[in-house]
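> Provided below are the primary sequence and the corresponding predicted coordinates.
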Amino acid sequence: MPVPCPNQSARVVVGNPVLSIRGLSRRFPGVQALDRVDLAVERGEIHALMGENGAGKSTLIKTLTGVFPRDAGEAALDGVPVNPKSPRAAERLGISTVYQEVNLIPDLSVAENICLGRQPVFLGAIRWGAIARRARQALSRLDLKVDVSRQLSSYPIAIQQLVAIARALDISAKLLILDEPTSSLDDGEAEELFKILRKLRGDGLGILFVTHFLEQVYKLCDSVTILRNGRLVGRFPIKELPRVKLVAHMMGKELQEVEALAQKRVHAAPVREETALLKATGLGRKGSIHPLDLEIRPGEVVGLAGLLGSGRTETARLLFGIDKPDQGSLEIDGVPAILRSPRAAIRQRIALTPEDRKVAGIIPNLTVRENIILALQAGRGPWKRLSRADQEKLADRFIQGLAIKTPHRDQLVKNLSGGNQQKVLLARWLATAARIFILDEPTRGIDVGAKAEVEKLVGALRQDGLGVLFISSELEEIVRQSQRVIVLRDRRQVGELAGAAISVDAILQTIAKEDPEARAA
Amino acid sequence: MSPIFDALFWLAFGALLYAVRRQRILWPLLALALLLLFNQLFTPGFFRLQVLEGHLYGSRIDILNQGAKVMLLSLGMVLVIATGGVDLSVGAVMAIAAAVAARLVVTSSSATPLAIAAAIAASLLAGAWNGLLVAGFGVQPIVATLILMVAGRGIAQLITEGQIINFSDPLMVFLGNGHLFGLPFTLSLVLAMLLLTHLLVRRTALGLFIESVGDNDRASRYSGISSRQVKFFAYTFSGFCAGLAGLIASSNIKSADANNIGLYLELDAILAVVVGGTALTGGRFYLIGAVIGALFIQTLTTTLYARNVSADISPVPKALVIIGVCLLQSEPFRERLHRLLSRQPA
């Protein structure tokens, strides 16, 4: 049934939108991911799109840009109805998107990635010189100086993200969509990005900005649209929306819980037991992380704080046997141990939820049930198979216990939202007898509500007498959770804070203080 | 009498289709049903069944008998493909197994079962070699198995000393030509292997590990699965299946022809796996789907033969039908087709 084009009088809130969406709907098996959602982005406006896990933000963007077909509703760009069938078609219309996870080709050069799909050609031959020039131009708008001929994967994720943004800016876009662009950027990089976004806003571009960071919304955005469970909650000018209201809109009724959590600070005096669960002495690896000392005791959460690239993930890789240390020693339960592989680490009852959940964490095309029992089954080996009934019991227990939002235990895990995937990964290890949990950015890319739940889970692990290494770029989280904090900078341990000494300020000062070794050198 | 049997056949097939209507193997089974239906309607004599000397004969029996080799190969191939790899060497491994068995039954006085065991051992060794290259040394599966695909026939030639070895050993002849329960023995062998493979991967956690490794190797390793052992197993098992297929192939022609046994059958096996619904990118696999895929390919071959399509041009209609089946399997294609059909006039 054809819906009439939106006429001017039908739009109440918006004056001169570059993008207006009306009644957009999209259903997935078992989930109404989008239910008649309206959205408008004005020219020269940075518009925030916010919502909890599973609110429908990513689905909205993917439906708008033609990744999925829409079930109903319509979109207009500059007043002209559009219905792109693919992201490329959307790009040609002037809708450029930078997705949450970097969607570039790691094996190609930076320049190729920026120009891919729209290479300048002469007589059918690619003009490599022009590609490099155009890439450098695009990157110079971001004040980013990288060698455009180098392979993309040789750069850290933050740079890759900026390249993705440069790629989007390379097209003469009318609307720029940024799906959580800052989740892997440090503050400095994010600030750089904001500078560019403000300039683009000045040029009259409409920007749709999806984020979980409240600060950024208030710092950067003009207005906000809030979704919850696939439905529109409302569109608000940001100046007229107090933070508490914003959070309340996003989360529905769980507001008190969040406020309580924000107040709470856990730093009970560290438990001093005879032996540490895990003790690293001078453990290091050339080119990865300088030697560091680290101890995790039973019932203790040790925070690992530092800027992006400070060696947090590298530390996790050493402790989980992914990289082999070339110096120092490791003791587990007071017994010297050498971890040659993740399997060896798992045998020592160490668990890791990796930073890059999609690439190294979930098995996307297996079900929630299979993902949950995977590590337990791997520990039992192939011959002692868990019976189907046991698997289901286990899966249901964790789906309930961790409030994993899935229509069914046999849903493919790739269809779950990021926060729920993270919970599945935690469940995978909780199902085993793991005693040392290395959680690398467990709350990255997930919303406030799920963050609170993950933090609650970390608290539960501590109370059960397990050891946790908690890695996060959100210092508040680390301060709330940790009994001790190890601070890293430039791949070097620069300090350790304990108990009442732990605060965001103290961590920042530790990071900022002058390095005695560097001065000596 | 024959109309009654045909009616019963279609009733059973219909019930089977209904039973699997929500499963992935619906598509290959449906394709097979359509092909058989075509023959029921347009190919005279295709559905005729005869009993001669207590054995059942007919086109459908021929299909089961002739298709046995690719069905066996597909059992191993589906596991290899599920790990994200491919085994191009199965045709050559068939030739090696045939050469070993034929050489031993002809030249030595050793017992035939021993010769058969030696042939199986050789094929296991060949599979393990592939597994070592892929899982142990990280060689790309296509490259690793291409080595044996090319070199394997040379090895088989060495074993037969460049001769075509003919044999008349009763047990060896029985493998590919004998009957059991009134049906070709190969059918029992395929069913036994299907059951064995099913138990091996689904009654243990091997199947889960294979799918996990094929879907996300890194995440599987981080979960404690030994991706190397899983891959090594898959290639070794594929070698084993190829060995069995090679014994049947040589038994069929009562000789070991190193140049021609199993020639291009690796391609049929890969095709069978794909038709059966398993993606070449790895992950979820469908064991029974692969066997149905192999049956489908054999039915297509037999159909073209029965309709007097010259062997020179029969690959063309075969390719067209298979493209159609693969498109039906493809989720994006089905979605697009659905959209196209349900599109309303603007």
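That came through, no problem. Residues are numbered from 1 along each chain as shown, chains lettered A, B, ... in the order given.
> Show me what whichever strand or helix holds residue B:316 is packed against.
Assigned by DSSP states H and E, residue B:316 belongs to helix B:315-329. Helices and strands touching helix B:315-329, by 3 or more C-beta pairs under 8 Å, 6 or more residues apart in numbering or on different chains; DSSP states H and E, are helix B:26-42, helix B:265-275, helix B:287-306. No exception for glycine: its C-beta is placed from N, CA and C like everyone else's.
> how about the helix or strand following that helix, does it get close to chain A?
Sequence-wise, the next helix or strand downstream of helix B:315-329 (DSSP H and E) is helix B:331-342. Yes: using C-beta under 8 Å from any C-beta of the partner chain, helix B:331-342 comes into contact with chain A via B:335, B:339.
> can you give me the mean pLDDT across helix B:331-342?
For helix B:331-342, mean pLDDT is 81.
> In CSV, list the C-alpha atoms belonging to it.
Written as CSV, here are the backbone C-alpha positions of helix B:331-342 (Å, rounded to 0.1, in the frame of the first residue of the first chain):
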residue,chain,number,x,y,z
GLU,B,331,19.6,-16.8,1.0
PRO,B,332,20.2,-13.4,-0.7
PHE,B,333,18.9,-14.9,-4.0
ARG,B,334,15.8,-16.3,-2.4
GLU,B,335,15.1,-12.9,-0.7
ARG,B,336,15.6,-11.0,-4.0
LEU,B,337,13.4,-13.5,-5.8
HIS,B,338,10.8,-13.1,-3.1
ARG,B,339,11.0,-9.3,-3.4
LEU,B,340,10.8,-9.5,-7.1
LEU,B,341,7.7,-11.6,-7.0
SER,B,342,5.9,-9.6,-4.3
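> Quick check: which of the helices and strands packed on helix B:315-329 is nearest to chain A?
Smallest distance to chain A across those (C-beta to the nearest C-beta): 15.7 Å, for helix B:287-306.
> Now do the closest one and helix B:265-275, the angle between them.
Put simply, helix B:287-306 runs at 120 degrees to helix B:265-275, going by axes from the mean of the first three to the mean of the last three C-alpha atoms, to 10 degrees.
> Wait, a strand at residue A:495?
Yes: assessed with DSSP: H, G, I helix; E, B strand; the rest coil, residue A:495 lies in a strand.
> From residue A:317, how far out is it?
Noted for residue A:495: a distance of 22 Å to residue A:317, by C-beta to C-beta, to the nearest Å.
> and what of residue B:23?
41 Å.
> just residue A:205 next, same as before
According to C-beta to C-beta, residue A:205 stands 40 Å off from residue A:317.
> Please apply the same query to residue B:49.
From residue B:49 to residue A:317 the distance is 64 Å (C-beta to C-beta).
> give the contact list for residue B:314.
B:301, B:304, B:305 (C-beta atoms under 8 Å, 6 or more residues apart in numbering or on different chains).
> hmm, back to that, buried sites along the helix holding residue B:316?
B:318, B:321, B:322, B:325, B:329 (16 or more other C-beta atoms under 10 Å in any protein chain shown).
> And the contacts of it?
For helix B:315-329, the external contacting residues (C-beta under 8 Å, 6+ apart) are B:27-28, B:31, B:35, B:271, B:274-275, B:277, B:296-297, B:300-301, B:304, B:309, B:333-334.
> Compute the distance between the residue in the stretch 51-200 of chain A positioned nearest to chain B and residue A:58, please.
Using C-beta to the nearest C-beta, residue A:69 is the residue of the stretch 51-200 of chain A that sits closest to chain B, at 6.7 Å. Distance of residue A:69 to residue A:58, given as C-beta to C-beta: 16 Å.
> same question, residue A:189
Distance from residue A:189 to residue A:58, by C-beta to C-beta: 22 Å.
> Likewise for residue A:164?
16 Å.
> for residue A:77, same thing?
20 Å.
> Kindly confirm my reading that residue A:46 is in a strand.
Yes: assigned with three-state DSSP, residue A:46 falls within a strand.
> Wait, it touches residue A:220, no?
Yes: using C-beta atoms under 8 Å, residue A:46 is in contact with residue A:220, at 5.7 Å.
> all strands of the stretch 1-150 of chain B, in order?
B:49-52, B:55-58 (DSSP state E, counting those that start in this stretch).
> scratch that, the stretch 251-400 of chain A is what I was asking about
With DSSP E, counting those that start in this stretch as the criterion, the stretch 251-400 of chain A has strands spanning A:278-285, A:289-296, A:300-305, A:327-332, A:335-336, A:350-353.
> Residue B:40 is nearest to which of those?
Nearest of those to residue B:40, taken as C-beta to C-beta: strand A:350-353 at 56.4 Å.
> packing partners for the closest one?
Strand A:350-353 packs on helix A:312-319, helix A:418-430, strand A:436-440, going by 3+ C-beta pairs under 8 Å, 6+ apart.
> tell me which residues in the helix or strand that comes right after the shortest one are buried?
Spelled out, that is strand A:436-440. Using DSSP H and E, the helix or strand that follows strand A:436-440 in sequence is helix A:448-463. Judged by neighbour count using 16+ other C-beta under 10 Å, the buried positions of helix A:448-463 are A:448-455, A:457-459, A:461-462.
> on contacts alone, who are the packing partners of helix A:448-463?
Counting by 3+ C-beta pairs under 8 Å, 6+ apart, helix A:448-463 packs on helix A:243-251, helix A:255-263, strand A:300-305, helix A:418-430, strand A:467-471, helix A:475-481.
> quick check: angle from it to strand A:467-471?
Between helix A:448-463 and strand A:467-471, the angle comes out at 150 degrees (the same axes, to 10 degrees).
> Now do the same for helix A:448-463: mean pLDDT, whole number.
Here the average pLDDT along helix A:448-463 is 85.
> Nearest spatial neighbour of residue 114, chain-adjacent residues omitted?
All of this refers to chain A. Nearest residue to residue A:114, sequence neighbours excluded (C-beta to C-beta, 6 or more residues apart in numbering or on different chains): residue A:135, at 4.3 Å.
> That was the other one, I meant chain B.
Residue B:114 sits nearest to residue B:104 (C-beta to C-beta, 6+ apart), 7.2 Å away.
> check contacts around that neighbour.
Counted by C-beta under 8 Å, 6+ apart, residue B:104 has contacts B:110, B:114, B:115, B:118, B:119.
> next one: residue A:149
With C-beta under 8 Å, 6+ apart, residue A:149 has these contacts: A:109, A:110, A:111, A:132.
> picking that back up, so which of the helices and strands packed on helix A:448-463 comes closest to chain B?
Once the helices and strands packed on helix A:448-463 are compared by C-beta to the nearest C-beta, helix A:418-430 is nearest, at 6.6 Å.
> out of everything not next to it in sequence, what's closest to the one residue in the stretch 51-200 of chain B that gets nearest to chain A?
Nearest to chain A, among the residues of the stretch 51-200 of chain B, is residue B:200, at 9.5 Å (C-beta to the nearest C-beta). Spatial nearest neighbour of residue B:200, chain neighbours left out: residue B:206 (6.4 Å); criterion: C-beta to C-beta, 6+ apart.
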